[in-house]
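>>> I would like the atomic coordinates for the input below:
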Amino acid sequence: MPVKIGLIRHFPVEKPMPSGWMTAAELHKWRHDYELADVRHIEPDLGGVAWERCFASTVRRASVTANAIFPGAVAKTDLLREAEFTEFRTGALCLPVLVWYFIFRLSWISGHRSQRALRDDFMKRVRTVADELESAKVDTLVVSHGGVMAFLSAELLRRGFTGPKLRLANHARVYVYER
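Numbers count the residues shown, from 1 in each chain. Just a heads-up that it's a prediction; the model follows:
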């Protein structure tokens with residue numbers, strides 16, 4: 001019998017994405033506020049699977065989602081937390097949020113010294129979670145964040161699971177992987 005792994009993104013957050021021009025410090029503060037924001041409960045799509053166990057990120061929005069959609073005990077772990085970024089010390093430099101996004105992403109992907117340790121830690125966490133899921137003998141639901149899901153999805157596919165290749169997951173919709 002194939003084992004199923006369900007990746008599901010937390011409920012939508014009640015903090016709108018930033019827009020316009022911001023300093024790096026303002027963007028960093030927005031991210032902190034986003035971490036603490038409430039979520040909007042929506043109807044989840046659990047794919048019709050009777051999930052036997054559930055893991056969730058310790059971040060509030062994922063924990064709240066997991067407790068709302070899974071009837072049993074939820075194992076919460078820091079391993080499923082979203083990737084971190086070191087704030088750039090650029091003073092009063094204002095840039096469009098989209099430009100900051102590309103700067104952070106490029107510096108993270110390229111292994112810029114300011115982001116390398118955080119990136120390496122994140123990738124190690126993804127592999128550790130994949131190891132745990134791969135060794136599981138029960139259908140497991142994983143409640144996490146969009147970025148974690150994209151990397152975890154790629155890792156599961158690399159390990160021979162079948163399922164969708166994720167870029168940005170929809171909120172409260174399960175993506176199923178089997179092997």
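>>> Buried ones in stretch 46-62, by neighbour count?
Leu46, Trp51, Cys54, Phe55, Ala56, Ser57, Val59, Arg61, Ala62 (16 or more other C-beta atoms under 10 Å). To be clear about C-beta, it is placed using only N, CA and C from the backbone, and glycine gets the same treatment.
>>> Also stretch 155-174?
By neighbour count with 16+ other C-beta under 10 Å, stretch 155-174 contains the buried residues Glu155, Leu156, Phe161, Gly163, Leu166, Ala169, His171, Ala172, Val174.
>>> again with stretch 14-27
Lys15, Pro18, Met22, Thr23, Ala24, Leu27.
>>> Just the ones of the residues you listed in helices?
Counting by DSSP state H, the part of the buried residues of stretch 14-27 found in helices is Ala24, Leu27.
>>> which among the buried residues of stretch 14-27 gets closest to Leu93?
Thr23 (6.3 Å; C-beta to C-beta).
>>> Please give me every residue in contact with that closest one.
Residues counted as contacts of Thr23 (C-beta atoms under 8 Å, 6 or more residues apart in numbering) are Thr90, Gly91, Ala92, Leu93, Cys94.
>>> one more time with 7 Å
Thr90, Ala92, Leu93, Cys94 (C-beta atoms under 7 Å, 6 or more residues apart in numbering).
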